[in-house]
Structures are given as C-alpha cells and as structure tokens.
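Peer 1: quick one, structure for this:
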Amino acid sequence: MGLPEQWGVSAAEVAGTYGCDELRPDAPLRWLRGVDVTAPPATAFRWLCQLRAAPYSYDLVDNLGRRSPRTLSPGLDELAVGQRVATVFRLHGFVPGRELTLVLPPGPAARASGDMVVSYLALPGDREGTSRLLAVLRVQALPRPVATALCWGDLVMMRRQLQNLAGLAAG
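Peer 2: Modelled structure (predicted):
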C-alpha cells in the first residue's frame with residue numbers, strides 16, 4: 001500500500017509552491033492535506049493562528065487531555081518568528097492573512113520524526129465567502145517503515161485538525 005501523500009487537495013494545490021517548499025526544497029517527502037471552509041479566508045486564517053494555543057486534533061492524544069479553545073483567543077494573531085505553535089513547532093515565517101510556516105526544532109519530536117517543516121494556508125474557496133485550509137509538509141528521507149507510519153499518523157491527526165478548525169471557523 002502506498003503512502004497517503006495527498007488528501008482533500010486539488011491538482012492545482014499539489015502543483016503550488018508554499019513556504020515549506022522554499023525552506024526545504026530538497027526534502028523528498030511532501031504531504032498535502034486540505035478541507036473546504038464555509039467562512040472567508042480571513043476567518044479561516046484567524047483560526048490557523050489559534051494553533052498557537054493548541055493542536056486542535058485529538059485533545060486526549062496531543063493536548064494532554066485539555067480541550068482546545070472553542071472561541072478565538074485575543075492576541076494569537078499577533079505573530080512573531082520563533083513563537084511556539086501546535087505545542088511542538090516554532091513559527092519560522094508567515095504571510096499575514098494567508099500562511100504560517102513552522103519548523104520542528106531539535107528535541108524529542110524531531111528525533112522521532114526527523115526534520116519536518118509544515119505550511120498552513122487559508123486560501124480563497126471556489127465560492128464567495130468560502131475558503132480552503134491547506135497543510136503542506138516537507139519531511140526528510142526516512143526508512144520506509146518510519147515514513148509509512150509517520151505519513152498515516154499524520155493523515156489521521158491532520159485530517160482531524162483541519163476539520164476541527166474548519167468547523168470552528170464556520171461557526
């Protein structure tokens with residue numbers, strides 16, 4: 001069985017270039033995940049900024065059982081390079097209203113999964129007042145069993161994360 005490298009994304013989104021691609025162009029593994037959001041891109045992006053507060057995936061697993069906030073927290077959209085995001089990442093760069101690019105700093109998470117960067121994007125949707133949330137990951141070469149486990153695990157967690165953020169953005 002192949003790796004679930006793409007989920008919920010269009011051919012145009014796959015062909016796009018994002019902050020993580022520019023940061024790690026030689027990373028051989030590239031995984032994309034996407035969801036539709038029934039809210040404008042500005043609202044979707046504001047919810048991406050909420051990743052500074054919590055991972056928004058499976059709270060029992062990745063947030064030590066604490067519930068991710070269900071309302072927007074003031075000030076989390078005041079971004080600065082180096083801020084902690086989704087518990088284990090650091091903000092490497094951002095495009096206001098559009099994109100966050102995160103790096104996995106050295107430490108236990110990086111030792112387990114290798115060098116990884118991810119870009120989260122809030123893009124205009126197909127209809128007025130809608131948007132798309134994308135997550136694009138670039139990952140170093142890993143032994144096949146490790147890459148397979150990481151890719152499937154990421155799909156499960158990222159799918160839940162993006163769906164949670166989309167639901168919260170839609171109100």
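Peer 1: which helix in this protein has the most residues?
Peer 2: Counting residues, the longest helix found in the chain (DSSP state H) is helix 144-170.
Peer 1: what helices or strands is that helix leaning on?
Peer 2: Taking 3 or more Cβ pairs under 8 Å, 6 or more residues apart in numbering; DSSP states H and E as contact, the helices and strands that helix 144-170 lies on are strand 6-7, strand 29-37, helix 41-49, strand 131-139. Every C-beta, even on glycine, is put in place using the N, C-alpha and C of the backbone.
Peer 1: so what strands line up beside the last one?
Peer 2: Spelled out, that is strand 131-139. Using DSSP bridges, the neighbouring strands of strand 131-139 in the sheet come out as strand 29-37 (antiparallel), strand 116-124 (antiparallel).
Peer 1: so for A11, which of these sits nearest?
Peer 2: For A11, the closest of these is strand 29-37, at 10.7 Å, according to Cβ to Cβ.
Peer 1: per-residue confidence averaged over that closest one?
Peer 2: Confidence over strand 29-37 (mean pLDDT, whole number) is 97.
Peer 1: can you pull out the residues in contact with that strand?
Peer 2: Where contact means Cβ atoms under 8 Å, 6 or more residues apart in numbering, the residues beyond strand 29-37 that reach it are 3-10, 13-14, 21, 43-44, 122, 125, 130-142, 147, 151, 154-155, 158-159, 162-163, 165-166, 169-170.
Peer 1: filter the residues you listed down to the buried ones, PyMOL style.
Peer 2: Restricted to the buried members of the contacts of strand 29-37, where burial is judged by 16 or more other Cβ atoms under 10 Å, the PyMOL selection command reads as follows:
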select buried, resi 6+7+8+9+13+21+43+44+122+125+130+131+132+133+134+135+136+137+138+139+140+142+147+151+154+155+158+159+162+163+165+166+169
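Peer 1: what sits opposite the spatially closest residue to G8 that is not a sequence neighbour in the beta ladder?
Peer 2: Distances taken as Cβ to Cβ, 6 or more residues apart in numbering put G34 closest to G8, at 4.3 Å, once the chain neighbours are dropped. Beta-bridge pairing of G34, defined through DSSP bridges, involves L134.
Peer 1: contact partners for V136?
Peer 2: For V136, the contacting residues are 18, 20-21, 30-32, 118-119, 121, by Cβ under 8 Å, 6+ apart.
Peer 1: show the pLDDT at it.
Peer 2: According to the per-residue confidence, V136 scores 98 in pLDDT.
Peer 1: cheers, nothing more for now.
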